[in-house]
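Peer 1: Next comes the sequence, and after it the predicted model I'd like to discuss.
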Amino acid sequence: MITVRPSKDRGHADHGWLDTRFTFSFADYYDPKHVHFRTLRVMNDDRIAGGGGFPTHPHRDMEIVTYVLEGALAHKDSMGNGSVIKAGDVQYMSAGTGVAHSEFNASKSEAAHLYQIWMFPDKAGYEPAYDQKTFSDADKRGQLRLLVSPDGRDGSIKIRQDNELYAAILGEGQTVKHRLNPERHAYVQVARGSVTLNGQTLGEGDGAQISQEQALELTGVKEAEVLVFDLA
């Protein structure tokens with residue numbers, strides 16, 4: 001079963017410096033039908049104007065993944081990490097027992113485009129943790145590249161949940177396939193471009209919840225970048 005979440009139906013907030021769209025309930029946006037899917041809690045499509053950003057704020061007991069599409073993000077946190085996350089980078093922060101961080105556009109003039117993703121951890125009370133890795137376009141071109149996983153295999157970032165996150169860049173007509181175990185679920189998010197998912201067309205910003213499917217087949221319609229979650 002595939003349930004499409006059209007881009008236009010997502011929550012939306014425009015703060016001037018931040019133009020963001022919410023797949024799931026977040027901040028002042030609440031939709032009881034879209035609070036989370038399985039252990040996937042937040043999928044925010046953020047566009048941050050030059051010089052804009054989030055001042056220091058706290059989190060706890062959440063697995064936070066940031067996927068940068070355009071521009072760069074400057075990050076600082078209470079664990080002592082300070083870094084710039086560029087397009088192609090994936091940042092991971094396990095908030096655990098509590099962490100505070102800030103995120104600002106690293107440029108004063110150029111916009112940044114990123115996905116902020118939160119997942120529930122497999123248990124509460126972990127020590128906070130941090131990781132960051134780069135996955136080039138070549139790594140993702142025409143294939144599903146594993147970005148995060150519970151075991152850190154194939155150079156992926158190790159997270160504290162039985163979820164996997166893949167990314168693919170697909171040109172027109174390029175196809176990738178992903179098999180799903182019977183007890184697993186999936187979520188597909190089109191970050192840019194358009195694809196078909198098991199024959200259904202998804203455009204930029206569209207997402208899809210998937211359950212009781214044996215496999216996913218994604219084909220590029222227009223040059224596309226796609227995130228694929230394999231969920232417990």
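Peer 2: Received the coordinates, thanks.

Peer 1: got the contact list for the closest residue in space to residue 162 that isn't next to it in sequence?
Peer 2: Once flanking residues are discounted, residue 162 sits nearest to residue 232: 4.1 Å by Cβ to Cβ, 6 or more residues apart in numbering. Every residue, glycine included, has its C-beta placed from N, CA and C. Residues in contact with residue 232 (Cβ atoms under 8 Å, 6 or more residues apart in numbering) are 38-39, 161-163, 184-185.

Peer 1: With residue 30 instead?
Peer 2: So residue 30 contacts nothing (Cβ under 8 Å, 6+ apart).

Peer 1: one step back: buried subset of the contacts of residue 232, written for ChimeraX?
Peer 2: Buried subset of these, written as a ChimeraX selection, criterion 16 or more other Cβ atoms under 10 Å:
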select :38,39,161,163,184,185
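
Peer 1: now for the lengthiest strand in the chain, which elements pack on it?
Peer 2: The longest strand of the chain (DSSP state E) is strand 215-231. Packing partners of strand 215-231 (3 or more Cβ pairs under 8 Å, 6 or more residues apart in numbering; DSSP states H and E): strand 164-170, strand 175-179, strand 185-197.

Peer 1: mind listing what the helix or strand that the longest one is followed by pairs with, with the direction of each?
Peer 2: In other words, strand 185-197. With elements assigned by DSSP states H and E, the helix or strand that comes after strand 185-197 is strand 200-202. Using DSSP bridges, the strands paired with strand 200-202 are strand 185-197 (antiparallel).

Peer 1: ok but residue 34 is inside a strand, no?
Peer 2: No - counting by DSSP: H, G, I helix; E, B strand; the rest coil, residue 34 is not part of a strand but coil.

Peer 1: Just give the nearest non-adjacent residue to it, would you?
Peer 2: Spatial nearest neighbour of residue 34, excluding adjacent residues (Cβ to Cβ, 6+ apart): residue 24 at 5.3 Å.

Peer 1: again, but for residue 5
Peer 2: Counting by Cβ to Cβ, 6+ apart, residue 5 lies nearest to residue 207, which is 4.2 Å off, once chain neighbours are set aside.

Peer 1: my guess is that neighbour contacts residue 23, does it?
Peer 2: Yes - with contacts counted by Cβ atoms under 8 Å, residue 207 reaches residue 23, the gap being 5.6 Å.

Peer 1: Between those two, which contacts overlap?
Peer 2: With Cβ under 8 Å, 6+ apart, residue 207 and residue 23 have common neighbours 5, 43, 189.

Peer 1: who's in contact with the first one?
Peer 2: If I follow you right, that is residue 5. 23, 34, 206-209.

Peer 1: if we take those, which one ends up nearest to residue 117?
Peer 2: residue 23 (9.5 Å; Cβ to Cβ).

Peer 1: before we move on, which element is the spatially most central residue of the chain in?
Peer 2: Geometric centre of the chain, nearest residue: residue 117, 4.4 Å, by Cα atoms, centre = their mean. For residue 117, the host element (DSSP H and E) is strand 112-119.
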